Structure formats: C-alpha cells, structure tokens
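Student: Sequence first, then the predicted structure, then my questions.
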Amino acid sequence: MNNKYIKGVVFERNLVEKFSADGFVAMRVAGSGRYSKLLPDVLIMKNGLVMAIQCKKTKSDKIYLSKGVENFKKFKEIANIKCIFAVKFLKKDVRFYDLEKIDKNIDINEHFEIYEDIVSHFQKI
C-alpha cells in the first residue's frame, strides 16, 4: 500500500473514533474510492440522522475536487442525506465543508464548519 493511501485511512479512522467517542454510530465505508467512486469514506448516525463524509488531506492551501464533488453529488441524489467534506490542511484542525456550498475546489480561506458545528446538526431534533 502506498503512503498516501495509509495517511488517508488513518485520517478516516481518527474521524470515526472521534465521532464514536461522542456517541455516534460511525464507520468507514468498505471500498470507498477503490471499488465505487460514489461511496463516501465515512458514515455517521445519531438521533435518526445520517451524514456522509468524504475525507481529503492536502499539504496545499487549496484542494482540487472537481471529479470528487461530481461523484459525491451523485451519491447525495441517490441517498438523500447530508453530505460533507472533511478536509485536513497542513498544520490546521479538520475543517468541514457542506457539499451544497462547494463548486469544484476548496480554498483554505473559505468559510468552514468545525467539529462541534457538525455535532450540533444532530442535536437539533
């Protein structure tokens, strides 16, 4: 396995552990990105809500997602659930971006949500 893949898996597992510790059902999706370009990396569930998360890491101040956004939007159309990108920029905490507000790329200076914002979506029932 290549180093980039391993770093991505570690990032996904860390997110799953964090959400699980806060009372969510959280799981990595087997085969995401390898066997189906539509599947998200992580699913989280709580209080009857489900959210799909696509995880990305970059050393740059911008991440280019044009094909990833297109595929994730197809997934959202089928699943009809909230979909977000979790992006780890170098030396920054994880930032969350709503799929509905993304065109093709994410810049480090764009508006983002933090972990607590995502958790609060599940407490608004």
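Tutor: Everything's here; your move.

Student: List the buried residues of stretch 55-71.
Tutor: Buried positions in stretch 55-71, judged by neighbour count with 16 or more other Cβ atoms under 10 Å: 55, 56, 57, 63, 65, 68, 69, 71. To be clear about C-beta, it is placed using only N, CA and C from the backbone, and glycine gets the same treatment.

Student: Format the residues you listed as TSV; extra columns: secondary structure.
Tutor: Formatted as TSV, these follow (DSSP: H, G, I helix; E, B strand; the rest coil):
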residue	secondary structure
55	strand
56	strand
57	strand
63	strand
65	coil
68	helix
69	helix
71	helix
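
Student: Among the residues you listed, which one lies nearest to residue 47?
Tutor: Here the nearest of those to residue 47, counting by Cβ to Cβ, is residue 55; it sits at 22.7 Å.

Student: hmm, back to that, quick check, nearest of the buried residues of stretch 55-71 to residue 119?
Tutor: The closest of those to residue 119 turns out to be residue 55 (Cβ to Cβ; 16.9 Å).
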